[in-house]
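Enquirer: Here's a sequence, model it:
(one chain, ligands or ions: 1)
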Amino acid sequence: MALIAEKNIVVFVGGVGGAKLALGLQQVVAPEHLTTIVNTGDDFWHYGLRICPDIDTVLYTLSGRVDPINGWGLSDDSTIMLETLRSLGEDAWFTLRDKDLATHLLRTKMLREGYSLTDVVGHLAKVQGIQPTVLPMTDAEVPTIVNTVEHGELEFQSYFVQHRWQPTVKSLYFKNIDQATMTDSVRQAIQNADIILFAPSNPWLSIAPILSVPGMRDAIIARDVPRVAVTPIIQGKAVKGPAAKLMGELGYDVSPSSVAAYYEDVLTGFVYDIRDENVETYDLKTISFDTMMLTDEDKARLAREILIWLNEREFV
Ligand code: GDP
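Expert: A predicted model of the protein is given here:
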């Protein structure tokens, strides 16, 4: 498949939904022109290990090693360690499979040796043969805290995995975000971008943490280039996960329009799904494509359609 011409593309992503578009872009953009910036609000410490679920989902997806059934974790992995832990009486609620454990061990070792998360992700990408640049949104630890009706404040993975995102969400915040800083790599990628994309990731759980890093939102808005999000909501539903439930609980209408409005002036354009009609998006440039990405061909097709649309028309 031919590569899209020499434009620098930055795409902001969470985990599974975001990784799909990142993989599509990887298939149609020359690697030196593609930077994927990943949410780290989901990251946490568990059994002494630093776990970065969204980063690993993106790295495993871009390296072609992801478990195709779940869309996260490694394919053909086993659960011997997890079962053994359970046999020792542990409530091992977070899935740490055996091969995947190597990533967590290496990352934790490198962080303890003083490498930044940006360094670690760069190394893990390189050794997995990934050519485009992958960056964490920040090197700081900024855990997403979910304030729930039933259990009060929960760390993100406790809400998402342990409680299977069933608690009712009252509000969210990103702990220590005020002390976080943008890395030089993220700042340069945004400054050099010709097109800025927001994958169909969860706007509240995956993209909001990124936009909350001090300086990030302003750096993006300062760029006079197309800044376009893809809807995660199709026909009033999330394709997967808690986005629709969360939107309802936070008082939003569950629609692509609400997603576009939520991003406010961060966006200049919005892609909604062909299954939806009459999507209102104040003064954004909009277009509909088939945004359902089931196969790798779907992912490449959507990435290509978006870039061709942005290439063909003059807009910021
Ligand atoms: P997570 O961190 O693993 O939950 O992944 P993300 O936040 O990156 O993505 C989750 C969002 O992706 C959900 O709200 C889904 O609705 C959306 N999503 C997943 N697959 C698709 C798809 O094929 N098309 C579209 N339009 N949205 C998708």
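Enquirer: Which residues of this protein lie near the ligand?
Expert: Within the chain, the positions adjacent to the ligand are 13-18, 20, 54, 200-202, 206, 230-232, 234, 238-241, 243, 273, 291-293 by CB under 6 Å from any ligand atom. No exception for glycine: its C-beta is placed from N, CA and C like everyone else's.
Enquirer: now do 5 Å
Expert: Proximity of the chain to the ligand (CB under 5 Å from any ligand atom) is limited to residues 14-18, 200-202, 206, 232, 238-241, 243, 291-293.
Enquirer: Pull out the buried residues from those.
Expert: Among those, the ones that count as buried by 16 or more other CB atoms under 10 Å are 14-18, 200-202, 206, 232, 238-239, 241, 243, 291, 293.
Enquirer: among those, which are in helices?
Expert: 16-18, 243 (DSSP state H).
Enquirer: what's the closest of these to the ligand?
Expert: Closest approach to the ligand among those (CB to the nearest ligand atom): Gly17, at 2.0 Å.
Enquirer: Identify the residues contacting the closest one.
Expert: Residues near Gly17 by CB atoms under 8 Å, 6 or more residues apart in numbering: 199-202, 206, 232, 239-241.
Enquirer: for the protein, what are the low-confidence residue spans?
Expert: Residue ranges of the chain with pLDDT under 70: 1-5, 313-316.
Enquirer: Now do the helices in it.
Expert: For the chain, applying DSSP H gives helices covering 16-28, 53-62, 80-87, 98-112, 117-127, 156-157, 184-192, 208-212, 216-221, 243-249, 256-263, 296-312.
Enquirer: can you list contacts of the third one?
Expert: Contacting residues not belonging to helix 80-87 are listed as 92, 95-98, 101 [CB under 8 Å, 6+ apart].
Enquirer: chain center to it: distance?
Expert: Relative to its chain's centre, helix 80-87 lies at 29 Å (CA atoms, centre = their mean, to the nearest Å).
Enquirer: Kindly report the same for stretch 171-188.
Expert: Relative to its chain's centre, stretch 171-188 lies at 15 Å (CA atoms, centre = their mean).
Enquirer: what's the span of that stretch from first residue to last?
Expert: End-to-end distance for stretch 171-188: 32 Å, by CA to CA, to the nearest Å.
Enquirer: in that stretch, what counts as buried?
Expert: Neighbour-count burial for stretch 171-188 flags 172-174, 177, 180, 182-183, 185-186 (criterion: 16+ other CB under 10 Å).
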